[in-house]
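A.B. asks: Curious how this folds, go ahead:
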Amino acid sequence: MTGVLDYESADIVRLMDMAEDDWTEQELKDALQRAAMLELSTIPPYATALWSITDRDDDEPVFHGVKEIVFDEMSHFGLVCNMLTSIGGTVVLTDPLTVPKYPGELPGGVNPGLEVFLSGLSRESAALFAEIEKPEKPLAFAPDGNTIGAFYQRIADVFPRFAGLIQDRNQVTFPLASHGTGNNIVPMTSLDAILKAIEIIKAQGEGTAASPENPFPGAPGELAHYYVFLEIAKGRKLVRDPNTGQFDFNGPEVPLPATAPVGRVPRGGWAGDPGNAPDQATAALLHEFNQRYSDMLRALEHAWSVPSGQGGGSVATARGLMGAMRESAIGISAVKLPAAPHLTYGPEWLFVAG
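C.D. replies: Residues are numbered from 1 along each chain as shown. Below you'll find the model as predicted:
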């Protein structure tokens, strides 16, 4: 069984510093629990930004691009959970230590120094999201830092030593292919399946060494997450110079869609923010969202705690709760902040025990 891991520890840094041959079965389980926490940690900031967009036309490029990324992250989360249970690990999502915390760094110490916050969509928040998805070798400028992709590659390098552990246990199957080739949550019952899933997760997030495009797209020419977010942040399309073959952000403009001006959510929620403590009606809206979020985490945890083939219903419940959370978030973002009326409240993504 995978133990409960602290979201705010530096365990990913520790694992990356450890020689591959020194990894034990427990290190691999811990790494996969960390990977599940990483995927889960991206959904609140991305979804908060998505739900702040008031022009929710799927033909609006920015809205469509961010929405597809949110669904990709859900798929990645499910694939990683299947990897973890395939080797006998336990998916832990509802312990206070494991739930995401904002503002704060990514779980496990990956990409150290990067503070992830919750707010509406803006050039600034899109730049943050690009930093989260940053590849080891970006095509548009020099690489730096410790990345999620490097962590996944280490998992892929280590996994073959433990291939004998892989079994069909507590696997979830759930269709998400309408959001892109490779996005179905499928069983991880062989090493080949696991390595292919890791390739999909990496490529959808950061592209490849040769191209910024997602090789497992929902539509021809769809970019990997990193480049989608950078186009929004820079306000320009990424194009390739036909003479040099180099990529740069000097293409057509990428306008921001109309959004609600959702302010940055303070650590621990709005109640502790001087001047912006919510009134009773707003507090009820915030609690409704938090309750739905917590119920979603419980449904997801249950999905990977039951025998293979029995968890799909719980994933469907979680997906339904995500839709309800969207409606709650839209209601929250219609309420102005008392101390900063040019901004609005945003959902807190706080875990409610019980």
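
A.B. asks: From residue 342, how far out is residue 148?
C.D. replies: 34 Å (Cβ to Cβ, to the nearest Å). C-beta here means a position set from N, CA and C on the backbone, and glycine is covered the same way.

A.B. asks: These two - which one has more neighbours?
C.D. replies: Taking other Cβ atoms under 10 Å, residue 148 and residue 342 do not tie; residue 148 has more neighbours (26 against 8).

A.B. asks: any idea how far the more buried one lies from residue 55?
C.D. replies: Counting by Cβ to Cβ, the gap from residue 148 to residue 55 is 30 Å.

A.B. asks: again, but for residue 319
C.D. replies: Residue 319 is 23 Å from residue 55, where distance means Cβ to Cβ.

A.B. asks: The two - which one has more neighbours?
C.D. replies: For residue 319 versus residue 55, neighbours defined as other Cβ under 10 Å are more numerous around residue 319 (16 against 12).

A.B. asks: Which residues are in contact with the nearest residue to that one once chain neighbours are set aside?
C.D. replies: Excluding its sequence neighbours, the residue lying closest to residue 319 (Cβ to Cβ, 6 or more residues apart in numbering) is residue 74, at 7.9 Å. Counting by Cβ atoms under 8 Å, 6 or more residues apart in numbering, residue 74 touches 43, 176, 319.

A.B. asks: hey, where'd the strands end up in the stretch 151-300 of the chain?
C.D. replies: Remark: strands assigned in the stretch 151-300 of the chain by DSSP state E, counting those that start in this stretch are 239-240, 247-248.

A.B. asks: So for the first one, mean pLDDT?
C.D. replies: Regarding strand 239-240, the rounded mean pLDDT is 87.

A.B. asks: One more: the last one?
C.D. replies: Computed over strand 247-248, the mean pLDDT rounds to 87.

A.B. asks: Tell me the confidence at the residue nearest to residue 319?
C.D. replies: 94.

A.B. asks: ok, back up a step: just name the most buried of the strands of the stretch 151-300 of the chain.
C.D. replies: strand 247-248 (a mean of 17; mean count of other Cβ atoms under 10 Å).

A.B. asks: which helices and strands sit right next to that strand?
C.D. replies: Where contact means 3 or more Cβ pairs under 8 Å, 6 or more residues apart in numbering; DSSP states H and E, strand 247-248 is packed against strand 239-240.

A.B. asks: packing partners for the strand it packs on?
C.D. replies: Contacts defined by 3+ Cβ pairs under 8 Å, 6+ apart place strand 239-240 against strand 247-248.

A.B. asks: Tell me the strands beside the strand it packs on, with direction?
C.D. replies: With DSSP bridges as the test, strand 247-248 is paired with strand 239-240 (antiparallel).

A.B. asks: So what's the gap between the strand it pairs with and the chain middle?
C.D. replies: From the chain centre to the centre of strand 239-240 is a distance of 27 Å (Cα atoms, centre = their mean, to the nearest Å).
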